[in-house]
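> turn this into a structure:
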Amino acid sequence: MAQKSIIISHRRDFDGIASAAELSRFLRGSVKEVLFTNPGRAEMLSTISKLDSAKDTYIYIADVSMSAEGYEELCSKFEGVKSRSNKIIWLDHHPWPEAAALKMKPIAEMLIYGEDKNRCAAELVYENFCTGDDVCKKLSSLAHLTDFNLRPEDKELDEALVRMSQCIAFLDRDDMHSNELRGSLVERVATGSISGGIIDQIYAEYKKSEGENLKMLNDTVRTLDVGRYKIGIAFADNLQSNMACAKIKQITGANIQIFVTTKDWSAHVRSENGINSSLLSSALGGNGHEMASGFTLKVTQKQMDKAIEEYVDKVFASAEKVFVRQ
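Residues are numbered from 1 along each chain as shown. Next comes the predicted model:
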C-alpha cells in the first residue's frame, strides 16, 4: 500500500504481538514504525508524544484500551494528531468508559471498542483487514488461545505458546533494547512462526532469571480474606503473568491472584469463574476482563521491602472497599 502507516499495539501479551504482526502483513512496506504501549494515562501520553512528527499517516492502534483516568487529556492529544492530516484506526476488545468512547468516536476514522468475550484484538484485525491471509488467520487463532487462557491439546503447540508468553513477559520494558527485540519478535511472528530464531534467543535470556524470580515470588506472597474472597498477591521482577498467578493460587488457595512485576509496578490480576477481577482493577485505575485484568500503582518507598508493603496496603485497602458488600 502507498500510504504511510504507524502501528501501536499492546506490549504485554501475544494478542498485542500477533495484532502488530497481522497489521505488518496487511500494510506490507508502508509501515514506518511499530510502537508498543500499555493502557494507562502516563504510558499512552508517552506513546502519543512519539507521533509528534507524523503527518499524512494512517495510525493503527490494536489491543489497547482507553484509560478511564485522564481520557479527556488523551483524546485531546489524539485530536492534535488528527489535525496533522493523520487518520486513526483503533481496534480493541477491552471495556471502555462510555464517556471516553463518545469522546474518541469523532476523532477516529474507525473505532471498534468494548468488552468482547468471544474475540481478541488479533481476531478483530483479521476480520477487518486480513481475511484470506492464512498466516493472519493462524495468528488470530493462536492469540485467541492465549488471550482467553485456553490450552491446546497439541502438547508441542502448548509449550511453544508458553515459551512465547514468557518471552513477551521478559521484554515488558519500555527501553531501547527491549523495543528492538520486540520488533524482531513481531517480524518473526509475521512469518507465521512462533518458535526458533529470535524467540529462542529471548527465551534463553528469560530462563536465566526465572529461578531467582520464582524465589522472590514465594518470599513476597501476602493474603487477605475479604468476605467470600481470598486474595493472594506476590511480587517479582519478571515472570509470565499466568504462570505467576497459578503459582500464587497454588501457594495460597486464593480465588483472586495478583502478580506484580516490580520493574514497573504493574499488576496482573486473575480470578476464578464468577469473580469479576476488573472491579478491583478499575478501582485502582486499571481495567480488563472479568477473569483477567490489571492496573499499575506508584510507590514512594525506595527500599524494595518497604515498597512492597506500601503496594500491598494500597491494594488490600481498595479490595476491602470493593468487595465488602459482595
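> mind giving me the domain split of this structure?
Domain assignment of the chain by automatic domain parsing yields the ranges 4-195, 213-323.
> need these in a markdown table (columns: mean pLDDT and distance to Tyr206).
C-beta coordinates here come from the backbone N, C-alpha and C atoms, glycine included. Output for these, formatted as a markdown table (pLDDT from 0 to 100; distance: least, C-beta to C-beta, whole Å):
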| stretch | mean pLDDT | distance to Tyr206 |
| --- | --- | --- |
| domain 4-195 | 94 | 4 |
| domain 213-323 | 93 | 7 |
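> any chance of TSV for those domains, columns mean neighbour count and distance to Glu205?
Formatted as TSV, the domains of the chain follow (neighbours: other C-beta atoms under 10 Å; distance: least, C-beta to C-beta, whole Å):
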stretch	mean neighbour count	distance to Glu205
domain 4-195	19	6
domain 213-323	19	10
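> a markdown table for those domains, including distance to Lys207?
Putting the domains of the chain into a markdown table (distance: least, C-beta to C-beta, whole Å) gives the following:
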| stretch | distance to Lys207 |
| --- | --- |
| domain 4-195 | 8 |
| domain 213-323 | 11 |
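> Tyr203 is nearest to which of those?
Checking the domains of the chain against Tyr203 by C-beta to C-beta gives domain 4-195 as the closest, at 5.1 Å.
> centre of the chain to the closest one, how far?
Centroid separation for domain 4-195 versus its chain: 9 Å, with C-alpha atoms, centre = their mean, to the nearest Å.
> tell me how far the ends of that domain are from each other?
The first and final residues of domain 4-195 sit 30 Å from each other (C-alpha to C-alpha, to the nearest Å).
> which SS class is the nearest residue to Thr37 once chain neighbours are set aside?
Using C-beta to C-beta, 6 or more residues apart in numbering and skipping the chain neighbours, the partner closest in space to Thr37 is Thr47 (4.2 Å). With DSSP: H, G, I helix; E, B strand; the rest coil as the basis, Thr47 sits in helix.
> does Thr47 touch Ile7 like I think?
No - contact status for Thr47 versus Ile7: not in contact, 11.5 Å apart, counting by C-beta atoms under 8 Å.
> what touches both of the two?
Common contact partners of Thr47 and Ile7 (C-beta atoms under 8 Å, 6 or more residues apart in numbering): Leu35.
> hang on, the earlier thing: state the distance from the residue nearest to Thr37 to Ala54.
For Thr47, the distance to Ala54 equals 12 Å [C-beta to C-beta, to the nearest Å].
> helices or strands next to whichever strand or helix holds Lys249 in the packing?
Here Lys249 sits within helix 241-252, counting by DSSP states H and E. Using 3 or more C-beta pairs under 8 Å, 6 or more residues apart in numbering; DSSP states H and E, the elements in contact with helix 241-252 are helix 155-170, helix 198-220, strand 229-236, strand 256-261, strand 266-271.
> need the contact list for the closest residue to Thr191 other than its chain neighbours.
Distances taken as C-beta to C-beta, 6+ apart place Val135 nearest to Thr191, at 7.3 Å, with adjacent residues excluded. For Val135, the contact set (C-beta under 8 Å, 6+ apart) comprises Arg25, Ala190, Thr191, Gly192.
> got it, and Asp313?
With C-beta under 8 Å, 6+ apart, Asp313 has no contacts at all.
> next: Met216.
Contacts of Met216 by C-beta under 8 Å, 6+ apart are Phe235, Ala236, Asp237.
> now the last one: phi and psi?
In this entry, Asp237 is assigned phi and psi values of phi -80, psi -40 (degrees, to the nearest 10).
> and it, how far is that from Ser281?
Using C-beta to C-beta, we find Asp237 at a distance of 21 Å from Ser281.
> same thing with the first one?
With the distance defined as C-beta to C-beta, Phe235 ends up 17 Å from Ser281.
> you'd agree Arg84 is in a strand?
No - counting by three-state DSSP, Arg84 is not found in a strand; it is coil.
> so that it lines up with my notes, have the first residue be 562 from now on.
Right, with 562 as the first residue, what we last looked at is Arg645.
> my guess is it contacts Ala615, does it?
Yes - counting by C-beta under 8 Å, Arg645 does reach Ala615; the two are 6.6 Å apart.
> what strand or helix carries the closest residue to Thr692 other than its chain neighbours?
Using C-beta to C-beta, 6+ apart and skipping the chain neighbours, the partner closest in space to Thr692 is Lys698 (7.9 Å). Element membership for Lys698 (DSSP H and E) is helix 695-708.
> how about the CA coordinates for that helix, as PDB?
Taking C-alpha atoms only, helix 695-708 is exported to PDB below (Å, rounded to 0.1, in the frame of the first residue of the first chain):
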ATOM      1  CA  ASP A 695      -3.700 -17.800   6.100                       C
ATOM      2  CA  VAL A 696      -0.900 -16.700   8.300                       C
ATOM      3  CA  CYS A 697      -3.000 -14.000   9.800                       C
ATOM      4  CA  LYS A 698      -5.800 -16.500  10.400                       C
ATOM      5  CA  LYS A 699      -3.400 -18.800  12.200                       C
ATOM      6  CA  LEU A 700      -2.100 -15.900  14.300                       C
ATOM      7  CA  SER A 701      -5.500 -14.800  15.300                       C
ATOM      8  CA  SER A 702      -6.500 -18.300  16.400                       C
ATOM      9  CA  LEU A 703      -3.300 -18.600  18.500                       C
ATOM     10  CA  ALA A 704      -3.900 -15.200  20.000                       C
ATOM     11  CA  HIS A 705      -7.400 -16.400  20.900                       C
ATOM     12  CA  LEU A 706      -6.000 -19.300  22.900                       C
ATOM     13  CA  THR A 707      -3.500 -17.200  24.800                       C
ATOM     14  CA  ASP A 708      -5.800 -14.200  25.500                       C
END
